[in-house]
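J.: Kindly return the folded structure for what I paste below:
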Amino acid sequence: MVPSPLARARRTHRRVLLVDDDVISLRSIARGMSTRGYQVDCASTHAQALDVIRTRPPEMAVIDLFIGEDSGLDVLSSVRRANGLARCVIVTGYSSVATAMEAIRRGATDYLFKPTTADQMVRSLDPDAIDPPTLLPTPEGAYPSLARMEWEYISQVLRACKGNVSSASRILQIPRRTLQRKLRKYPPAK
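T.: Numbers count the residues shown, from 1 in each chain. Presented below is the predicted three-dimensional model:
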């Protein structure tokens with residue numbers, strides 16, 4: 001008799017660190033992961049995550065890209081330093097090509113878009129724990145458009161340059177006038 005996917009996950013008893021500043025989402029995912037047999041450590045701030053990493057280095061981690069004012073990529077780097085074999089997933093509601101590439105460069109095994117489920121996280125963290133999903137058609141609008149991703153990247157660079165358009169245009173490697181036209185069309189949120 002083949003054990004059920006849930007039974008296989010329960011046998012593993014692997015430790016997973018969940019990091020998200022949205023406490024309601026954090027509790028929900030923690031509950032879902034613990035019912036699937038994982039030992040769950042939760043952190044809602046960067047400092048709490050570092051404390052958990054120091055005391056109990058996780059085998060797996062699910063990290064929100066933005067933790068308040070802090071970056072989940074820094075937590076990702078800390079997890080990978082503590083346990084080089086840890087499987088880490090970055091979860092975000094504000095995705096961009098640049099952050100996805102940076103997450104993978106720093107050692108993330110996957111990059112998920114919010115909202116996600118515990119099953120999606122388990123599939124990304126521990127592919128052998130559950131059966132592969134049946135593929136469903138992607139609903140329209142489930143992924144951000146290229147224009148939206150471009151705009152998010154421009155906004156990120158502009159924030160890093162503290163609003164200096166000249167500096168941002170040099171980093172983006174586009175003419176200043178082109179950047180100014182884009183900013184007039186879609187002004188940055190303040």
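J.: elements contacting the biggest helix by length in the chain?
T.: The helix spanning the most residues in the chain, taking DSSP state H as the definition, is helix 146-160. For helix 146-160, the helices and strands in contact under the criterion 3 or more Cβ pairs under 8 Å, 6 or more residues apart in numbering; DSSP states H and E are helix 97-105, helix 165-172, helix 176-185. In this view, the C-beta of every residue, glycine as well, is placed from N, C-alpha and C.
J.: Could I get the buried residue list for that helix?
T.: Burial within helix 146-160, assessed by neighbour count using 16 or more other Cβ atoms under 10 Å, is assigned to 149-152, 154-155, 157-158.
J.: can you list the domains in the protein?
T.: Domain segmentation of the chain under automatic domain parsing yields 5-125, 146-185.
J.: Return the mean pLDDT over the first one, rounded to an integer.
T.: Meaning domain 5-125. When pLDDT is averaged over domain 5-125, the result is 85.
J.: Can I get the longest helix of the chain in PDB, CA atoms only?
T.: Extracted C-alpha coordinates of helix 146-160, given in PDB (Å, rounded to 0.1, in the frame of the first residue of the first chain):
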ATOM      1  CA  LEU A 146       5.600  42.900 -18.500                       C
ATOM      2  CA  ALA A 147       4.700  46.600 -18.200                       C
ATOM      3  CA  ARG A 148       3.800  46.200 -14.500                       C
ATOM      4  CA  MET A 149       7.100  44.400 -13.800                       C
ATOM      5  CA  GLU A 150       9.000  47.100 -15.700                       C
ATOM      6  CA  TRP A 151       7.200  49.800 -13.600                       C
ATOM      7  CA  GLU A 152       7.900  48.000 -10.300                       C
ATOM      8  CA  TYR A 153      11.600  47.700 -11.200                       C
ATOM      9  CA  ILE A 154      11.800  51.400 -12.200                       C
ATOM     10  CA  SER A 155      10.100  52.300  -8.900                       C
ATOM     11  CA  GLN A 156      12.500  50.100  -7.000                       C
ATOM     12  CA  VAL A 157      15.600  51.800  -8.600                       C
ATOM     13  CA  LEU A 158      14.100  55.200  -8.100                       C
ATOM     14  CA  ARG A 159      13.500  54.500  -4.400                       C
ATOM     15  CA  ALA A 160      17.100  53.300  -4.100                       C
END
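J.: Is it correct that residue 41 falls within a strand?
T.: Yes: remark: residue 41 belongs to a strand, assigned using DSSP: H, G, I helix; E, B strand; the rest coil.
J.: thinking it is in contact with residue 14, fair?
T.: No: here residue 41 does not reach residue 14: they are 11.6 Å apart, not a contact under Cβ atoms under 8 Å.
J.: For these two, indicate the residue with more neighbours.
T.: Looking at residue 41 and residue 14 with other Cβ atoms under 10 Å, you find the greater number of neighbours at residue 41, namely 20 against 17.
J.: Adding distance to residue 53 and mean neighbour count, write the helices and strands packed on helix 146-160 out as CSV.
T.: Putting the helices and strands packed on helix 146-160 into CSV (distance: least, Cβ to Cβ, whole Å; neighbours: other Cβ atoms under 10 Å) gives the following:
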stretch, distance to residue 53, mean neighbour count
helix 97-105, 17, 15
helix 165-172, 31, 16
helix 176-185, 39, 12
